[in-house]
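Chemist: predicted model, plus sequence, below.
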Amino acid sequence: MTLLSLAAECYRARDFAGARQVLESMIEVDPGDLIAHDNCARACLEMGDYAAAIPHFMELVKDGRPDVQAWVKLGAAALADQQHDLASMALGTAMDLAPDDPVVLHTYASLFATLLLDDAAIALYKRAYKLRPGYTDPMVGHAFCLLRQGKYRRGWELFEKRWDLTNGTREYHGISEWKGERCGMVVLRSEQGFGDTLQFLRYIPLVAERAVEVFVDCHRLMRRIVERIPGVTGVVDTGTTPPAADYQTGLMSLPHIFGTTLENIPPPVRFYVPGAIVQGLPRIGLCWAGGSRPNEPAAHAIDKRRSITFESLAPIMAVPGVEWVSLQREDNRLPGPIDHAADFYDTARLIQSLDAVVTVDTAVCHLAASMGIPTLLLNRFDTCWRWLLEREDSPWYLSLRIFRQRALGEWGLVIERVAAAVREMVGG
């Protein structure tokens, strides 16, 4: 068996570290082996190591080789690794080589969207899917830009194209898609992250007005939250056999079904959570990182942009007269009750005992804000669509304040402003 075949076997077994090791040994013997460089870069991407992939892609375009796909891959890896100048150079070169290639257009549009140049991004997304009808990735990118601009009607419509993506959530076979009609039983499918589930649970009472029974498919960590929501008949753990329902739909399709605009967003659904009343200093929860997903390269790249280090919170934690409470699971640098939380219900009970929450854009933000707890969001520059543009408030959560980066990767001013807000809250 050749080393390349061995690397391929590792790749098929999803042993990307093993494949990378084999391919790197091939490159040591022959530094000019472009096939090894290409496959090693792919293995690095699968591991979420964009920085390591970049030198291999650089070899593929060495001396200005007119390899369009290599230039696109280099640009995409640089974009994921927040090397925006390199991404711009690589994708600009790809555009010069293939100005009508839909993949090039889509990837270049993603760079513009990251830089908050939404109108420029939209123009490229539209060109991409007009050149290749049925190419849904740029349609979904277009949807995100529209939603971020608050153009909800067209945004929700295009967002439905997410089901056609190669990584779209599989629908239940044999159960019709619900379009809002009156019916007997409907199953609502959770999709994407925990925060997405928490944000769109607010639509369940509206669904219950049209369906006799409402079941919710969700992760087991969400079960005890979901089963307490008025209108929920039952909960189905994700991955198990669904009930024999009349209809199904995704939770994130409900804004489209109910014609949601900025003016008619339903309030967060309330669920009963007993919380202890704690005497003493004001208690403020802290969450500084989202869930790392190295096996999902796009989501992993976003997590790197939205998360901050624990050490960078020092100016906030220096505010006197506060008891700081960790809401960061699986991180013992600020030990506390979160270490014993078994699910989101336990986390909600802890949040119920707090006076405020300081958090990055993760599920904790949605949970705290949906409970009406004053929530201070440290938000990345290329904001998620749900937080719109330039606003410090949110029509989705009345208790939320948004503190935005003013430049990509620059958290210093955000930290400073949040520290000032906390100081004002506690009267310091």
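Modeler: Sure, I can see it.
Chemist: and the helix or strand hosting A369, how far from the chain's centre?
Modeler: A369 is part of helix 363-370 when elements are defined by DSSP states H and E. Mean C-alpha position of helix 363-370 versus that of the full chain (CA atoms, centre = their mean, to the nearest Å) differs by 14 Å.
Chemist: beyond that helix, next helix or strand please.
Modeler: Scanning the chain past helix 363-370 towards its C-terminal end, the next helix or strand to appear is strand 375-379 (assignment: DSSP H and E).
Chemist: buried residues in stretch 190-208?
Modeler: Neighbour-count burial for stretch 190-208 flags 190-191, 193-208 (criterion: 16 or more other CB atoms under 10 Å). For the C-beta atoms, the positions are set from N, CA and C on the backbone; glycine is no exception.
Chemist: S353 against P274, yeah?
Modeler: No. Using CB atoms under 8 Å as the test, S353 is too far from P274 to be in contact (9.8 Å).
Chemist: the more surrounded of these two?
Modeler: Shown here are S353 and P274; by other CB atoms under 10 Å, S353 has more neighbours (17 against 8).
Chemist: tell me the angle the helix holding A369 makes with strand 375-379.
Modeler: Comparing the axes of helix 363-370 and strand 375-379 via axes from the mean of the first three to the mean of the last three CA atoms, to 10 degrees yields an angle of 140 degrees.
Chemist: show me what helix 363-370 is packed up against.
Modeler: Helix 363-370 sits against helix 194-200, strand 283-287, helix 344-352, strand 356-360, strand 375-379, with contacts defined as 3 or more CB pairs under 8 Å, 6 or more residues apart in numbering; DSSP states H and E.
Chemist: contacts for it?
Modeler: 193-195, 198-199, 201-202, 268-270, 285, 287, 290-291, 327, 344, 347-348, 351, 354, 357, 359, 375, 377, 394, 396-397, 399-400 (CB atoms under 8 Å, 6 or more residues apart in numbering).
Chemist: list the buried ones in that helix?
Modeler: Along helix 363-370, these residues count as buried under the neighbour rule (16+ other CB under 10 Å): A363, V364, C365, H366, L367, A368, A369, S370.
Chemist: and the third one, what's its pLDDT?
Modeler: When you say that, I think you mean C365. Model confidence at C365, given as pLDDT, is 97.
Chemist: reformat the buried residues of helix 363-370 as CSV; add distance to A128.
Modeler: Conversion of these to CSV gives the following (distance: CB to CB, whole Å):
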residue, distance to A128
A363, 32
V364, 35
C365, 32
H366, 31
L367, 36
A368, 38
A369, 35
S370, 36
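Chemist: domain map for this structure?
Modeler: By the assignment in automatic domain parsing, the chain contains the domains 3-164, 176-257, 283-425.
Chemist: stretch 363-377: end-to-end distance?
Modeler: Separation of the first and last residues of stretch 363-377 by CA to CA, to the nearest Å is 11 Å.
Chemist: again, but for stretch 180-198
Modeler: End-to-end span of stretch 180-198 (CA to CA): 21 Å.
Chemist: ok, stretch 363-378 next?
Modeler: OK, stretch 363-378 end separation, CA to CA: 13 Å.
Chemist: tell me which of the helices and strands packed on helix 363-370 approaches A80 most closely.
Modeler: The closest of these to A80 is strand 356-360. By CB to CB, the value is 18.3 Å.
Chemist: packing partners of the closest one?
Modeler: For strand 356-360, the elements it packs on are strand 283-287, helix 363-370, strand 375-379, helix 412-425, judged by 3+ CB pairs under 8 Å, 6+ apart.
Chemist: residues in contact with the longest one?
Modeler: Yep, that's helix 412-425 we're talking about. Counting contacts by CB under 8 Å, 6+ apart, the residues touching helix 412-425 from outside are 282, 284, 308, 312-313, 315-316, 318-319, 322, 355-356, 358, 374, 376, 378-379, 401, 403-406, 428.
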